[in-house]
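K.L.:
coords please:
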Amino acid sequence: MLLKKLFPLVAVSLGCIGVIACVAAAVVSWSAGSRLREVNQAAFGSIDETLGKVRDRILDAQASVRESKLTAEDVEQSLKDFTRKKTTEQLESRLAIEKKTEALSKGLEQAELWLQLSTASIQNVEQAFELGNSLGAPVDPTSLGPLIEKLVNLQSQVSQVSESVDGVQERAAEIAGGEPQRDRIEQAAGLMLRALATLGEVDVRLGEFADRLLETRSRGQQLESKTNAYILTARIGSILLIAWMAAGQVSLCRSGWRVYRKVPSLEN
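P.N.:
Residues are numbered from 1 along each chain as shown. Got it, this is the predicted structure:
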């Protein structure tokens, strides 16, 4: 008789413990989901902010390149006019060319610095994507590879222009007063023409890259929304599973209690 009373009570106790455990699990699951959503928003928010800063730097680099183009055009025209100037005017023209090429070099250095910073930032975003991918997030870390490759190529082109400008500076410095060295002038003009062509190409490619970054940011925002939807689905699914388990525990409690009430008391 004692065992008949004890077993139902054990079932009721286990059922109550199960219900409490399910409630606790539901609270933990929902809280974890909320925390995960916050982390997801913070991560993608940081990525979006980084890409926005990269685009600003790209536009700054493009502005430097455009300004450098104007300076390079002035230098190229000055080189064309150099041999037509009088000997007394050539010294002043040479000094002006040196001054302009120095300003051109500084502008190119600034553009290259913007590109280097942009490359480093996108590489950091790529590492964040790789980490998210390893944790199961639906991100493709290789999607940023083409952007990094384009930036590296742009840096290479700007470096080539800088080398051409250095060559112009060397040849301008070698031009002595008096009778000009025509071959030096022609070489410098050829280098500057090549630099102008490359700067024009870099200008166009920087504009295209800025547009590409807008598309990348848009995809990132869509991915954030999709990831949040996955997290919400997982939260709801876990709560439903826990609720189903809790229903089983409640059923166990009710069954145990019914059996307990049907068993005669020890006094009878």
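
K.L.:
And the pLDDT for residue 2?
P.N.:
pLDDT, residue 2: 50.

K.L.:
what about residue 238, neighbour count?
P.N.:
Residues lying near residue 238 (other Cβ atoms under 10 Å) number 17. Every residue, glycine included, has its C-beta placed from N, CA and C.

K.L.:
Residue 32 now?
P.N.:
Residues lying near residue 32 (other Cβ under 10 Å) number 14.

K.L.:
next SSE after the helix or strand containing it?
P.N.:
In the assignment (DSSP states H and E), residue 32 maps to helix 2-82. Once the chain leaves helix 2-82, the next helix or strand it forms, by DSSP H and E, is helix 87-134.

K.L.:
what angle do the next helix or strand after that next one and helix 87-134 make?
P.N.:
Downstream of helix 87-134, the first helix or strand assigned by DSSP H and E is helix 145-174. If you take axes from the mean of the first three to the mean of the last three Cα atoms, to 10 degrees, helix 145-174 sits at 160 degrees to helix 87-134.

K.L.:
sorry, back to before: which elements pack onto the helix holding residue 32?
P.N.:
helix 87-134, helix 145-174, helix 182-262 (3 or more Cβ pairs under 8 Å, 6 or more residues apart in numbering; DSSP states H and E).

K.L.:
between the ones you listed, which one is nearest to residue 16?
P.N.:
With Cβ to Cβ as the criterion, residue 16 lies closest to helix 182-262 of the helices and strands packed on helix 2-82, at 5.9 Å.

K.L.:
Report the rounded mean pLDDT for that closest one.
P.N.:
Average pLDDT, helix 182-262: 82.

K.L.:
tell me how far that helix is from the chain's mean position?
P.N.:
Offset of helix 182-262 from its chain centre (Cα atoms, centre = their mean, to the nearest Å): 11 Å.

K.L.:
can you state the direction angle for it and helix 2-82?
P.N.:
170 degrees.

K.L.:
could you say what helices and strands helix 182-262 packs with?
P.N.:
Helix 182-262 sits against helix 2-82, helix 145-174, with contacts defined as 3+ Cβ pairs under 8 Å, 6+ apart.

K.L.:
which of these has the lowest average pLDDT?
P.N.:
Of all the helices and strands packed on helix 182-262, helix 2-82 has the smallest average pLDDT, which comes to a mean of 81.

K.L.:
give the contact list for the residue lying closest to residue 76 once chain neighbours are set aside.
P.N.:
Once flanking residues are discounted, residue 76 sits nearest to residue 192: 4.3 Å by Cβ to Cβ, 6 or more residues apart in numbering. Remark: with contacts taken as Cβ atoms under 8 Å, 6 or more residues apart in numbering, residue 192 is in contact with 72, 75, 76, 79, 164, 165, 168.
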